[in-house]
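S.K.: got a predicted structure plus its sequence, pasted below:
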Amino acid sequence: MEYFTHSWLPYIYLYGIGGIFFFSGVYIVWRTGAIDLNKPHHRMWMKIFFLGYAWFMAIHGLLTIFALR
């Protein structure tokens, strides 16, 4: 249980609370019309944002798993 509170709980907090702020920001940008997903350049940047978030989340999770072994 000690592993959970010292490694996985901060991970869940970081990507859970951080994800709320990230996705809220994306939603605000979308609702205000600051981004037009019909433009290829805007679609590319949205993909980069989402894939970047998933990439860092995955790498952080894998490194945590490797560190706990």
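M.R.: Structure's in. What do you need? Numbering: from 1, shown residues only.
S.K.: against Y11, how distant is S24?
M.R.: When CB to CB, to the nearest Å is the yardstick, S24 and Y11 sit 20 Å from each other. (Each C-beta comes from the backbone N, C-alpha and C, glycine too.)
S.K.: V26: neighbouring residues, count only.
M.R.: Counted with other CB atoms under 10 Å, residues neighbouring V26 total 15.
S.K.: let me know the pLDDT of it.
M.R.: Model confidence at V26, given as pLDDT, is 95.
S.K.: for L14, the count of nearby residues, please.
M.R.: Neighbours of L14 (other CB under 10 Å): 13.
S.K.: excluding chain neighbours, what is closest to it?
M.R.: Computed as CB to CB, 6 or more residues apart in numbering, the closest residue to L14 that is not its neighbour in sequence is H60, at 7.8 Å.
S.K.: quick one: the one you found and Y11 touch, right?
M.R.: Yes: H60 lies in contact with Y11 (CB atoms under 8 Å); the separation is 6.5 Å.
S.K.: name the residues of the helix or strand hosting G16 that are buried.
M.R.: Assigned by DSSP states H and E, G16 belongs to helix 9-32. By neighbour count on 16 or more other CB atoms under 10 Å, the buried set for helix 9-32 is Y15.
S.K.: which other helices and strands does the helix or strand where the residue nearest to L14 lies contact?
M.R.: Here H60, judged by DSSP H and E, is contained in helix 40-68. Contacts defined by 3 or more CB pairs under 8 Å, 6 or more residues apart in numbering; DSSP states H and E place helix 40-68 against helix 9-32.
S.K.: what sits up against the helix it packs on?
M.R.: Helix 9-32 has contacts (CB atoms under 8 Å, 6 or more residues apart in numbering) with 35, 37, 46, 49, 53, 57, 60-61, 64.
S.K.: quick check, nearest of these to H6?
M.R.: When those are compared for distance to H6 (CB to CB), T64 wins out at 10.3 Å.
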